[in-house]
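# Next input, structure requested:
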Amino acid sequence: MKKTLKVTGIVVGSILLLILILNIGFSLWLKYQLPDYIKNKTPYQITYKTLNVEILSGSISADDIVIKSKNPADKKVIAIDGFLKGLNVSRLGIIDLIKNKQINTNSIRLTNPNLKIILANPKVEDSVKEKTPFLIRNIDITKGNIEVLKPDNSKVFAAKDLNLKVKNLSLNDNPDELPFALDSYKITAKDFFARISNVYTINSSDVKTNNGQLEINDFELKSILDFKDWEKSFTKQKSLFNIKSKKVSFDNLVFDKTKLNLKNAQFVNPEFVIQNRDQNVIKSKNPKKKGIDLNFGNVDIKNGKLSILNSSGANSLSIAKFDANVKDFLMDEETSKNKLPFKFSDYKITGNRFFYDSGKYYNLSLSSFNIASQAIDLVNFKMIPKMSRAEFVRTIPMEDDQFNISANRIQLSGVDWTFEKELDLHLKSAKLENVDANIFRSKIPKDNPKQKLLYSKLLRNIKFPLIVDNLDLVNSKLVYEEDKPDTNGPGKVVFTNFNMNVRNLNSNKKKGADTKVPIRINCHFMDASPMLVNWNFDTADMRDNFTINGYINNLPAVDITPFIKPYMNITATGTITSLNYNFKGNNDIMNGQFKITHKDLKVSLLDKDTKEKKKFLSGVANLLVKKDSQKFPESVDIYVERNKQRSFFNFYWKGIEDGLKKTLLIIKI
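Residues are numbered from 1 along each chain as shown. Sure, this is the predicted structure:
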């Protein structure tokens, strides 16, 4: 037994002695032979003050290291020029270093590095892919000044006064994933710069971590290329971004190869500029490739600005100032299957001076807005034509309406929407206050052959489920003007003090939901006479049946002259004390009853071409039109066929016009 222990002790002691001898020998070899090895076997001139090697731990340390490239002009190898106060490497793979020229180590510590590094030219595509030149799991840099350049001397990375600690770093060559993953990091740096792609760079005056929070001051993400060069070179990208922010901060930022997670993100005074190409984006040949999962617990934007530009650099959308908050933002493989490729639990956006160029004819604007998950509040909405009426008429190829619309306030409440396989929108209430809408149509351009759908079918044609429980238009004004080439000025209908209530506005896409839409309108016709309208239709009715009835009281006949003169070639004076109608119709015809009562009504019949008064016929007509309505028929029956190239309101007016003709024009002109 004693003999066995003795032998074991001798063996172990011999091994330890051998290791010690090897350690001392290898250290002496490094000390005396490494300079010659570096001189003859590497492209660098390296000197140092001291060098220590521990073969058992695989650790190397050196002080006062100076490194220079032997041939800086050689673009085939990495060029390094600079100084390190100290270098510590632990668990270095000596074989990898000597045989494969690859640094494979558990950790590396650089003290006061002041280095300029110029990368080598990339290998040609058909060459064998080289191994990553270093595998370092933990990095510790203290007070560094580092600059990394490409072979053309364009900057890739730079930082001053850099202090960096990274734990468990792993690199990744997969272009569809993040280029690295790590467990934790700490960083402080001044004048930070990084080129993150072939398009974008990041700049910051100051970067630091504190208690798990990363803070970046004077952040800027910008393009290396101008827009025209980017547009030609990156045809698969729709937009070019430029982002500035006084301060950006992240809590608990976690990098994984396929995931980027954070608890809180905050942007202070950011400016977002996005410029879009006009041409279609060339689709990727691999549209199903997996992207990077984003999971953001909370994102805050304070005092932001947004500009979206078209390819010529003109504003297509802008917000002068906005604040935003999004909670539980998630974009992953599962959400990417939906039409909206991300989801969130809550959001709120408020802003001022919103502008949107909606195309060839209109600009939209808001003085302020407040958008939350269940409510939307828009202030001073405007839809303004870009052209004058004359320009619009010259531009359009066929008849069309020109709109000029404003609203002091638009409020949507009880907003409930999803956007997974399709949009599903339900509003409890929509309220539009002080709307001022002017609709102008010229009859000079040729007729538009496109069929105008009735509102029941227009709603039914909406592709997604839409329900608005209650819609109110409050204290508003609507003006419709129609200009005919054979008249002096447009025919005009004016509705003031306009109040409308619509219940159960729907697209007939929600199973089991009520599809009947009752509409009630209370206003002043021609800014003078009380008017009431009841209008009903059913979006599920494929024949588009509807009913519409109402009355106008105490209407000065002169007030309807602006519209009856162009279309009926008459003018009138006196008072229509009541005008009642009750119509029903569908997509083809409308019929019903029409009745007026009047006081002191007189009409003047006009020549169709000259618009001069036909004195004789007017006299005869006024003999037949009694000074009161006692001799008028109790009611007249109207019947009109729909011109399907005209709107519902044209159809509605034709019914009123038919009733007026049968009542006022009791002689054949």
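# can I assume residue 454 is in contact with residue 543?
No. Using C-beta atoms under 8 Å, residue 454 is not in contact with residue 543, being 9.9 Å away. Quick note: C-beta positions are derived from backbone N, CA and C, even for glycine.
# quick one: low-confidence ranges for the stretch 151-300 of the chain?
For the stretch 151-300 of the chain, the stretches with pLDDT under 70 are 170-181, 255-260, 281-293.
# For it, which segments are assigned as helices?
Per DSSP state H, counting those that start in this stretch, the stretch 151-300 of the chain carries helices over the ranges 227-233.
# hmm, back to that, quick one: which of residue 454 and residue 543 has more around it?
Between residue 454 and residue 543, counted using other C-beta atoms under 10 Å, the more crowded position is residue 454 (21 against 12).
# Leaving out chain neighbours, which residue sits closest to the more buried one?
residue 544 (4.6 Å; C-beta to C-beta, 6 or more residues apart in numbering).
# mind listing what that neighbour touches?
Counting by C-beta atoms under 8 Å, 6 or more residues apart in numbering, residue 544 touches 454, 456-457, 537, 586-587.
# Quick one: those as TSV, columns for pLDDT too.
Shown next, in TSV, are those (pLDDT from 0 to 100):
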residue	pLDDT
454	94
456	95
457	95
537	97
586	96
587	95
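# list residues touching both of residue 454 and residue 543?
In contact with both residue 454 and residue 543: residue 587, using C-beta under 8 Å, 6+ apart.
# what about residue 144, how many neighbours?
21.
# Just the pLDDT at it, thanks.
Per-residue pLDDT puts residue 144 at 89.
# Am I right that it is in a helix?
No. Applying DSSP: H, G, I helix; E, B strand; the rest coil, one finds residue 144 to be strand, outside a helix.
# What residues does it make contact with?
Here residue 144 is in contact with 110, 112-115, 159, 161-164 (criterion: C-beta under 8 Å, 6+ apart).
# hey, where'd the helices end up in the stretch 401-550 of the chain?
455-460.
# any idea which helix or strand of this protein has the worst average confidence?
The least trusted helix or strand in the chain, going by mean pLDDT, DSSP states H and E, turns out to be helix 94-95, with a mean of 48.
# circling back to that earlier point, okay if I get the contacts of residue 144 as JSON lines plus neighbour count and distance to residue 422?
JSON lines is the format used below for these (neighbours: other C-beta atoms under 10 Å; distance: C-beta to C-beta, whole Å):
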{"residue": "110", "neighbour count": "22", "distance to residue 422": "55"}
{"residue": "112", "neighbour count": "14", "distance to residue 422": "60"}
{"residue": "113", "neighbour count": "20", "distance to residue 422": "56"}
{"residue": "114", "neighbour count": "15", "distance to residue 422": "59"}
{"residue": "115", "neighbour count": "16", "distance to residue 422": "56"}
{"residue": "159", "neighbour count": "23", "distance to residue 422": "48"}
{"residue": "161", "neighbour count": "13", "distance to residue 422": "53"}
{"residue": "162", "neighbour count": "22", "distance to residue 422": "50"}
{"residue": "163", "neighbour count": "16", "distance to residue 422": "51"}
{"residue": "164", "neighbour count": "19", "distance to residue 422": "48"}
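# Among those residues, which ones are in strands?
110, 114-115, 159, 161-164 (DSSP state E).
# what's the distance between the longest strand along the chain and the middle of its chain?
Looking across the chain with DSSP E, the single longest strand is strand 423-442. On the basis of C-alpha atoms, centre = their mean, to the nearest Å, strand 423-442 sits 22 Å off its chain's mean C-alpha point.
# Can you list the strands that that strand pairs with?
strand 401-413 (antiparallel), strand 416-419 (antiparallel), strand 466-483 (parallel) (DSSP bridges).
# Export the second one to CSV, keeping only CA atoms.
So that's strand 416-419. In CSV, the C-alpha atoms belonging to strand 416-419 read as follows (Å, rounded to 0.1, in the frame of the first residue of the first chain):
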residue,chain,number,x,y,z
ASP,A,416,-62.6,48.2,-30.8
TRP,A,417,-60.5,46.9,-33.6
THR,A,418,-58.4,44.0,-34.6
PHE,A,419,-56.2,43.4,-37.6
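# Just checking the distance from that strand to the centre of its chain.
The answer for strand 416-419 is 17 Å, by C-alpha atoms, centre = their mean.
# repeat for the first one
Remark: strand 401-413 is offset 21 Å from the chain centroid, using C-alpha atoms, centre = their mean.
# mind listing what's buried in that strand?
Neighbour-count burial for strand 401-413, with 16 or more other C-beta atoms under 10 Å as criterion, is recorded at 402, 404-413.
# Mind checking the pLDDT average for that strand?
On average, strand 401-413 scores 96.
# now do the second one
Per-residue confidence for strand 416-419 averages out to 82 on the pLDDT scale.
# ditto for the longest one
Regarding strand 466-483, the rounded mean pLDDT is 93.
# What distance do you get for the residue nearest to residue 454 to residue 591?
15 Å (C-beta to C-beta, to the nearest Å).
# Closest one of the ones in strands among the contacts of residue 144 to residue 77?
Among the ones in strands among the contacts of residue 144, residue 115 lies closest to residue 77 (C-beta to C-beta), at 15.5 Å.
# so which strand or helix has the residue nearest to the closest one when sequence neighbours are not counted?
Leaving aside its sequence neighbours, residue 115 sits nearest to residue 82 (C-beta to C-beta, 6+ apart; 3.6 Å). Using DSSP states H and E, residue 82 sits within strand 79-90.
# residue contacts, residue 274?
239-242, 306-309.
# Out of those, list just those in strands.
Going by DSSP E, the strands hold 239-242, 306-309 from the contacts of residue 274.
# circling back: how much space between the residue nearest to residue 115 and residue 454?
In terms of C-beta to C-beta, residue 82 sits 78 Å off from residue 454.
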